[in-house]
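Enquirer: Pasted the sequence and its predicted model underneath.
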Amino acid sequence: MKPESAIRAILFDVGWTLIYPKPTRKEAMEQCLLALGYTFPTDVLESAYRAAVNFYRVHRWQPQVVANLPQFWQEYYTVYTGHIGIEDPGITAAIHEQASKTVQFHLYPTTLPVLEELRRRGYLIGAVSNWSAGLPGLLEDMGLLDHLDSLVVSDIVGYHKPQPEIFRYALMLLKVHASEAIHVGDDLEADVEGARRAGIRPIWMKRSVGEDANPVDRIQSLEELLLCL
């Protein structure tokens, strides 16, 4: 997997590529239910979470939602609790509050060393993320922002992956052509297909082990990326 020698910029997704949540939102919701005295079979919780995720995918990036995120998250958690048969708005609000407090983001151990090595090799480094307008502050607090030459956030620029416009915006900031960049991300639709639509070569970050039939360059760690350049 050797990209063309003309590559000048490496674009990255953020969540599950450079940083990760611990606990995850799913784990936080289930922990809160237990703390409130509710127990449900695993398959019921899985089904409720899938319903919430589907709601997220359908609605999250609509302009009216971006303008009113508190209302969206209230509806998101209502979908989750409604799916498991809880109709008490107070319980829904408690799960919302607890998840918001407990989900914390962390750098993968090799994130900064890999970005430093890429910078040493002369690559421009950008990030393209579907996230709220609070992402720059989060990354600054994590010590990551200074390692990026550009950061494009969906809720700030008004485009979201897989729309090609968000990738083109990142290319414009870095002053490179699509053929001079690669994009690394964990989501097949948002990152892989989105990058392709913009003419950028994608590399799929698939950290889990296992066979997959998708015909795309794939890595399991950021360190592996260094071997491809």
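Expert: Now that the structure is in, tell me what you want to look at.
Enquirer: switch to C-alpha atoms for all contacts and neighbour counts from now on
Expert: Noted.
Enquirer: these two touch, right, residue 18 and residue 105?
Expert: No: under the contact definition of Cα atoms under 8 Å, residue 18 does not touch residue 105, with a separation of 10.1 Å.
Enquirer: Have a look at those two and say which one is more surrounded.
Expert: residue 18 (22 against 17; other Cα atoms under 10 Å).
Enquirer: May I have the phi/psi pair for the more buried one?
Expert: Dihedral pair for residue 18: phi -100, psi -30, per degrees, to the nearest 10.
Enquirer: Run through the residues that contact it.
Expert: 12, 107, 108, 111 (Cα atoms under 8 Å, 6 or more residues apart in numbering).
Enquirer: List the buried residues for the longest helix along the chain?
Expert: Secondary structure of the chain per DSSP state H: the longest helix is helix 42-59. Neighbour-count burial for helix 42-59, counted by 16 or more other Cα atoms under 10 Å, picks out 45, 48, 49, 51, 52, 53, 55, 56.
Enquirer: Please apply the same query to stretch 6-20.
Expert: Neighbour-count burial for stretch 6-20 [16+ other Cα under 10 Å]: 7-20.
Enquirer: what about that stretch, how long is it end to end?
Expert: Counting by Cα to Cα, to the nearest Å, you get 31 Å between the two ends of stretch 6-20.
Enquirer: can you give me the offset of it from its chain's centre?
Expert: Centroid separation for stretch 6-20 versus its chain: 10 Å, with Cα atoms, centre = their mean, to the nearest Å.
Enquirer: Which parts of the protein belong to which domain?
Expert: By the record's domain assignment, the chain is partitioned as 9-20+106-227, 25-102 (automatic domain parsing).
Enquirer: highest average neighbour count across those domains?
Expert: domain 9-20+106-227 (a mean of 18; mean count of other Cα atoms under 10 Å).
Enquirer: quick one: terminal-to-terminal distance for that domain?
Expert: Using Cα to Cα, the two ends of domain 9-20+106-227 sit 16 Å apart.
Enquirer: which helices and strands does the longest helix of the chain pack with?
Expert: helix 69-83 (3 or more Cα pairs under 8 Å, 6 or more residues apart in numbering; DSSP states H and E).
Enquirer: Now the phi/psi pair for residue 177, please.
Expert: When read as degrees, to the nearest 10, the backbone of residue 177 gives phi -90, psi 160.
Enquirer: I'd guessed it sits against residue 170; true?
Expert: No: under the criterion of Cα under 8 Å, residue 177 makes no contact with residue 170, lying 10.1 Å away.
Enquirer: Any chance of JSON lines for the buried residues of helix 42-59, columns distance to residue 224 and pLDDT?
Expert: Compiled in JSON lines, these are given as follows (distance: Cα to Cα, whole Å; pLDDT from 0 to 100):
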{"residue": "45", "distance to residue 224": "35", "pLDDT": "98"}
{"residue": "48", "distance to residue 224": "35", "pLDDT": "98"}
{"residue": "49", "distance to residue 224": "32", "pLDDT": "98"}
{"residue": "51", "distance to residue 224": "34", "pLDDT": "98"}
{"residue": "52", "distance to residue 224": "33", "pLDDT": "98"}
{"residue": "53", "distance to residue 224": "30", "pLDDT": "97"}
{"residue": "55", "distance to residue 224": "34", "pLDDT": "98"}
{"residue": "56", "distance to residue 224": "31", "pLDDT": "97"}
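Enquirer: Any chance of the residues you listed in TSV with distance to residue 199 as columns?
Expert: Putting the buried residues of helix 42-59 into TSV (distance: Cα to Cα, whole Å) gives the following:
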residue	distance to residue 199
45	39
48	37
49	34
51	33
52	32
53	28
55	29
56	27
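Enquirer: Which stretches in the protein count as helices?
Expert: Using DSSP H, helices in the chain cover 25-35, 42-59, 63-66, 69-83, 89-102, 111-120, 135-141, 154-157, 164-174, 194-197, 222-227.
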